[in-house]
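Visitor: Next comes the sequence, and after it the predicted model I'd like to discuss.
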Amino acid sequence: MTLRPIRTKADYRAALKEAEKLWDAEPGTRDGDRVEILTTLIEAYEAEHVPIAPPDPIAAVAFMMDQKGLTRRDLEPAIGSRGRVSEVMTRKRPLTLPMVRALSKLLDLPAEILIRSYPISYPGRRAA
């Protein structure tokens, strides 16, 4: 494959295939340089053509808890009692603005992620 800009889905698939073949190449070698350039081209194409949806707020909280080695008990200062944390994490109660502010600070998460709407399963209601 000749190195050139990725302009089409076919170019993209070919670049992915080539990069996969060269993935284990030693850095600084001809193949290592080639895979590095391909990766840059692929990332540029994906940034423009493959949008990534913002994460669900509760999924983002769970992910950051995992990354930081936190438990639900660690969320109590930001959310409230153990029961309240459980309700929020099981989507039975929505995040409030004070919770968003506290979680943003605690988890180093942008508030923009936490204020997004997400499904809530209120007790006694059937899912639509």
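Guide: Thanks, I have the structure now. Computed from a predicted model, the values in this text were never measured in an experiment. Residues are numbered from 1 along each chain as shown.

Visitor: Which helix or strand contains the nearest residue in space to Thr39 that is not next to it in sequence?
Guide: Closest residue in space to Thr39, ignoring its immediate chain neighbours: Ala19 at 6.1 Å, by Cβ to Cβ, 6 or more residues apart in numbering. Every C-beta, even on glycine, is put in place using the N, C-alpha and C of the backbone. Counting by DSSP states H and E, the secondary-structure element that holds Ala19 is helix 9-22.

Visitor: now for that helix, which elements pack on it?
Guide: Contacts defined by 3 or more Cβ pairs under 8 Å, 6 or more residues apart in numbering; DSSP states H and E place helix 9-22 against helix 30-49.

Visitor: Show me how far the helix it packs on is from its chain's centre.
Guide: Average the C-alpha atoms of helix 30-49, do the same for its chain, and the two points are 21 Å apart (Cα atoms, centre = their mean, to the nearest Å).

Visitor: May I see the buried residues of that helix?
Guide: Residues of helix 30-49 classed as buried: Arg34, Val35, Leu38, Leu41, Ile42, Tyr45 (neighbour count, 16 or more other Cβ atoms under 10 Å).

Visitor: can you check stretch 57-74 too?
Guide: Of the residues in stretch 57-74, those buried by neighbour count under the rule 16+ other Cβ under 10 Å are Pro57, Ile58, Ala60, Val61, Met64, Met65.

Visitor: Check stretch 98-106 too.
Guide: Going by neighbour count (16+ other Cβ under 10 Å), the buried part of stretch 98-106 is Met99, Val100, Ala102, Leu103, Ser104, Leu106.

Visitor: now the helices: where do they sit in the chain?
Guide: With DSSP state H, the ranges of helices along the chain come out as 9-22, 30-49, 57-68, 76-79, 82-89, 97-107, 111-114.

Visitor: List the contacts of the longest one.
Guide: When contacts are defined by Cβ atoms under 8 Å, 6 or more residues apart in numbering, helix 30-49 is touched by residues 3, 5-6, 11-12, 15-16, 18-19, 22-23, 25-27.
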